[in-house]
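> sequence below, structure please.
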Amino acid sequence: MIDVQSQPGLNEIDIDKVGICDVYYPIEVLDKQREKQGTTARINMYVDLPHRFKGTHMSRFIEVLNQYRGEITVRNVAQILREIAHSLEAKSAHMELAFKYFIEKEAPVSKSRSLMGYDCRFICAYIQGRSVDFLLEVKVPVMNLCPCSKEISQTAAHNQRSEVTVQLRFNDFVWIEDVIALAEKSASSDLYALLKRPDEKYVAEHAYENPRFVEDIVRIIANELMKDEKITWFSVRSVNFESIHNHNAYAYIERDKRK
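Residues are numbered from 1 along each chain as shown. Presented below is the predicted three-dimensional model:
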């Protein structure tokens, strides 16, 4: 049969990324407490495409993925990327895996247990002749109480749910649980899926005693990451979804420790 994809492109323009996106697939993520955690990832996979080719062979992405059915982990992502590049005769390959990671949390007073889900991503890139670039992203929902509101009010202070996003590059393994713990302890309070009334009282009072600006959050986390020798690059973003303003508050820090 005629291989249409291997015919010359419409013009002499190379394509940076071409491939498939929004593929849902089972993966395994390393779990600090239980060794492994099975979850479902939304996967995007791309390669570069020189102008001498009209198109890429989309089916080959799935063929490579099927070779690692149920065995896609942080430890073999580099191997998968190299196989994608080889299969598609490409100089670069990219893969993004977005998934929900669950941790069992214990309420602070009642000790009731429940599962909290956190949005995570692996963002990986392979370029021929270079080492594989691996970036971990973890989004952590927290609660923050406004220091200014507490200072100027006699009896109360407004709080808001917040989202902290941490991205990391590292030279040694990093547990997702440790990233989550760092983000949660930097906030006025962490969140829980299940709280009884004594727990709600504790969380409200604990947040009141630990007010945080959005700027405080990123500074606290960045300070800890700067001291961690495993981390080579990081970014920290915090967004407070304001409860009394018609806008959200935002802060961001990025540092490359290799420079």
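
> and for residue 16, the neighbour number?
10 (other C-beta atoms under 10 Å). For glycine as for every other residue, the C-beta is placed from the backbone atoms N, C-alpha and C.

> what do you get for the one 3 residues further on?
Number of residues near residue 19 (other C-beta under 10 Å) recorded here: 22.

> for beta bridges, what are the partners of the residue lying closest to it once chain neighbours are set aside?
Nearest residue to residue 19, sequence neighbours excluded (C-beta to C-beta, 6 or more residues apart in numbering): residue 46, at 3.7 Å. Residue 46 has these beta-bridge partners by DSSP bridges: residue 19, residue 94.

> got the buried residues for the host helix or strand of residue 166?
Residue 166 belongs to strand 159-170 when elements are defined using DSSP states H and E. For strand 159-170, a neighbour-count test (16 or more other C-beta atoms under 10 Å) marks 159, 160, 162, 163, 164, 165, 166, 167, 168, 169, 170 as buried.

> columns distance to residue 20 on top of those residues, output as TSV?
Putting the buried residues of strand 159-170 into TSV (distance: C-beta to C-beta, whole Å) gives the following:
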residue	distance to residue 20
159	42
160	38
162	34
163	28
164	31
165	25
166	28
167	24
168	26
169	25
170	28
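
> got the CA coordinates for stretch 19-27 in PDB?
Extracted in PDB, the C-alpha atoms of stretch 19-27 (Å, rounded to 0.1, in the frame of the first residue of the first chain):
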ATOM      1  CA  GLY A  19       1.100  13.300  17.400                       C
ATOM      2  CA  ILE A  20      -1.800  12.300  19.500                       C
ATOM      3  CA  CYS A  21      -3.500  13.800  22.600                       C
ATOM      4  CA  ASP A  22      -6.100  13.000  25.200                       C
ATOM      5  CA  VAL A  23      -5.500   9.300  25.300                       C
ATOM      6  CA  TYR A  24      -6.700   7.700  28.500                       C
ATOM      7  CA  TYR A  25      -4.500   4.900  29.700                       C
ATOM      8  CA  PRO A  26      -3.700   3.000  32.900                       C
ATOM      9  CA  ILE A  27      -0.400   3.700  34.600                       C
END
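
> which residues sit against that stretch?
Around stretch 19-27, the neighbours that count as contacts under C-beta atoms under 8 Å, 6 or more residues apart in numbering are 38-47, 56, 58, 61-62, 65, 69-70, 72-73, 94, 97, 99.

> state the distance from residue 157 to residue 166.
26 Å (C-beta to C-beta, to the nearest Å).

> same check on residue 86?
33 Å.

> before we move on, what about residue 146?
22 Å.
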